[in-house]
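Visitor: Got a sequence here, can you build the structure:
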Amino acid sequence: MENPAKRSRDEFEQSSGNSYSEQDEFSKRAHADPVAELIANICKDIRRIGENSNLTNQVDDISYISNPIVAEFEKIDKLREAVLSTFYAVVREQPQKIPNICVLIFICNAKNFLVAKYVIEYFHAKAQEQLDSLKNKDEVMADADAGLSGKEDLEDVETAGIFNDLKSIFKFLAALSPIIENQSVANILKQFLNTAIELQNSSSERNGLAEEIFYNVLVALPYLFANDYSPQTIETANELLELAQKFNIVESDSARTVSVLEPFDSKNSNFTDNMPYKPQKIVNLILPALVSLQTPEKNWASLESSVFINFRELTEPIISSALQNNTISSEVVKHALPQLAIPGIEDLKKYRTGWFDRQLVV
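Guide: Got it, this is the predicted structure:
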């Protein structure tokens, strides 16, 4: 039997439901932190940079994103920290967006040079933090899903991650070189190349860490041309490539053969003539690839406009307009980038990298 005192759904909603729902929603909106909302929107926009296929719209979007960053970067500590950490995350996890992120940094630099100064210092600090972690033998960072039990294997994972992150930082700083003074980026790349050469020369045996440093520097070298194709950049790249020629690649013995590739190994007589593809170590391929890009004339002509998108035609009017309205400086401000403190050769010799010690082949 139906209860006569029971209210229907419509009666309940008319008496209290709809009214309460609207007030509750208004209350939630009224209590939303505007700073947190601003930070969330800016970081979301940074993560989406480079995903618009229309370059004109993409640059317009980047210029729009720069406005709240420039306006609030010095005022709100939480916003500054969130923006810097988002830049770092995108550079590490989506390195294909490095040139696009650099466009944002260039525009911000023209409007408020302190933004670019903070970014460069932040990435320098992150790089130094990675290098300093090599000195601490007790600090082991390992992937819980890796399933590695030995401490030696855990250290391999740690070291591989450190230098993999450094590779992304090298690329980013190289792409930012037009606003970094005194050829500081090139000096850091030379610093690491010399370390790789010295580390490999310290032993007659192959050193996987030396090869990884060598590879990471060379794979970052083309990023010097991402936003600058000046004669000085060409000369710098040629000097780096000339220095790289001094690195001694030590061929390893057959005991290091990767098992999955054994059926295609040229040393196996039954596959010598029918092998579809000859696997090669990636460290053997990087230098010849760059020499090919360099061209016999050493002008890197094959690299210009073929690897990186040319944003200059779209960004120069925005940057020029920003500099004209800048009351502090009407010229592009360049920033200092100190050298990095690399652990000594004896310290580096204690570490191995699983990635290169197991011979990455392609």
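
Visitor: Report the contact partners of Tyr229.
Guide: Trp300, Glu304 (Cβ atoms under 8 Å, 6 or more residues apart in numbering). Using the backbone N, CA and C atoms, a C-beta is placed for each residue, glycine as well.

Visitor: I'd like the numbering to begin with 334 instead of 1 from here.
Guide: Understood, numbering begins at 334; the last thing we discussed is Tyr562.

Visitor: which residues does the nearest residue to Asn540 once chain neighbours are set aside contact?
Guide: Using Cβ to Cβ, 6 or more residues apart in numbering and skipping residues adjacent in sequence, the residue nearest Asn540 is Gln533, 5.1 Å away. Gln533 makes contacts with Arg539, Asn540, Ala543, Glu544, Phe547, Phe580, Asn581, Val583, as judged by Cβ under 8 Å, 6+ apart.

Visitor: Next one, pLDDT for the nearest residue to the last one once chain neighbours are set aside please.
Guide: The reference is to Val583. Among residues not flanking Val583 along the chain, Arg539 sits closest, at 4.0 Å (Cβ to Cβ, 6+ apart). As predicted, Arg539 sits at a pLDDT of 86.

Visitor: Which residues belonging to stretch 653-667 are considered buried?
Guide: Ala655, Leu656, Asn659, Val665, Val666, Lys667 (16 or more other Cβ atoms under 10 Å).

Visitor: Columns distance to Leu371 on top of those residues, output as TSV?
Guide: Output for the buried residues of stretch 653-667, formatted as TSV (distance: Cβ to Cβ, whole Å):
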residue	distance to Leu371
Ala655	21
Leu656	26
Asn659	23
Val665	28
Val666	26
Lys667	30
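
Visitor: and which of those is nearest Asp410?
Guide: Val666 (22.6 Å; Cβ to Cβ).

Visitor: So the nearest residue to the closest one once chain neighbours are set aside versus Lys667, what's the distance?
Guide: Take Val666 and drop its neighbours on the chain: the residue closest to it by Cβ to Cβ, 6+ apart is Phe446, 3.8 Å away. According to Cβ to Cβ, to the nearest Å, Phe446 and Lys667 sit 9 Å apart.

Visitor: And Lys579, by the same measure?
Guide: 30 Å.

Visitor: same thing with Val583?
Guide: Taking Cβ to Cβ, one finds Val583 at 40 Å from Lys667.

Visitor: Ser535 - nearest residue in space that isn't next to it in sequence?
Guide: Closest to Ser535 by Cβ to Cβ, 6+ apart is Ile678, at 5.6 Å.

Visitor: so what's that neighbour up against?
Guide: Thr528, Glu531, Leu532, Ser535.

Visitor: Then Ser663?
Guide: Taking Cβ under 8 Å, 6+ apart as the test, what Ser663 contacts is Leu656, Gln657.

Visitor: looking at the chain, which helix or strand does the model trust least?
Guide: helix 687-690 (a mean of 50; mean pLDDT, DSSP states H and E).

Visitor: got the buried residues for stretch 412-423?
Guide: Result for stretch 412-423 [16+ other Cβ under 10 Å]: buried residues Leu412, Arg413, Ala415, Val416, Leu417, Thr419, Phe420, Tyr421, Val423.

Visitor: meant to ask about stretch 573-581
Guide: Leu573, Leu574, Leu576, Ala577, Phe580.

Visitor: pLDDT weak spots in the chain?
Guide: Scanning the chain for pLDDT under 70 picks out 334-364, 469-493, 585-612, 685-695.

Visitor: cutoff 90 now
Guide: By pLDDT under 90, the low-scoring segments of the chain are 334-367, 385-386, 466-498, 536-542, 582-618, 628, 634-643, 659-663, 678-695.

Visitor: follow-up on the earlier one: using JSON lines, lay out the contacts of Ile678 together with distance to Thr628.
Guide: Shown next, in JSON lines, are the contacts of Ile678 (distance: Cβ to Cβ, whole Å):
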{"residue": "Thr528", "distance to Thr628": "28"}
{"residue": "Glu531", "distance to Thr628": "30"}
{"residue": "Leu532", "distance to Thr628": "30"}
{"residue": "Ser535", "distance to Thr628": "34"}
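
Visitor: Now do whatever helix or strand Ala443 lives in: which elements does it pack against?
Guide: Taking DSSP states H and E as the criterion, Ala443 maps to helix 431-444. When contacts are defined as 3 or more Cβ pairs under 8 Å, 6 or more residues apart in numbering; DSSP states H and E, helix 431-444 packs onto helix 388-405, helix 410-426, helix 446-466, helix 484-508, helix 645-657.

Visitor: which parts of stretch 505-523 are buried?
Guide: 505-513, 516-519, 521-523.

Visitor: again with stretch 429-446
Guide: 430-446.

Visitor: and if you look at stretch 403-413?
Guide: Those would be Val403, Glu405, Phe406, Ile409, Leu412, Arg413, for stretch 403-413 by 16+ other Cβ under 10 Å.
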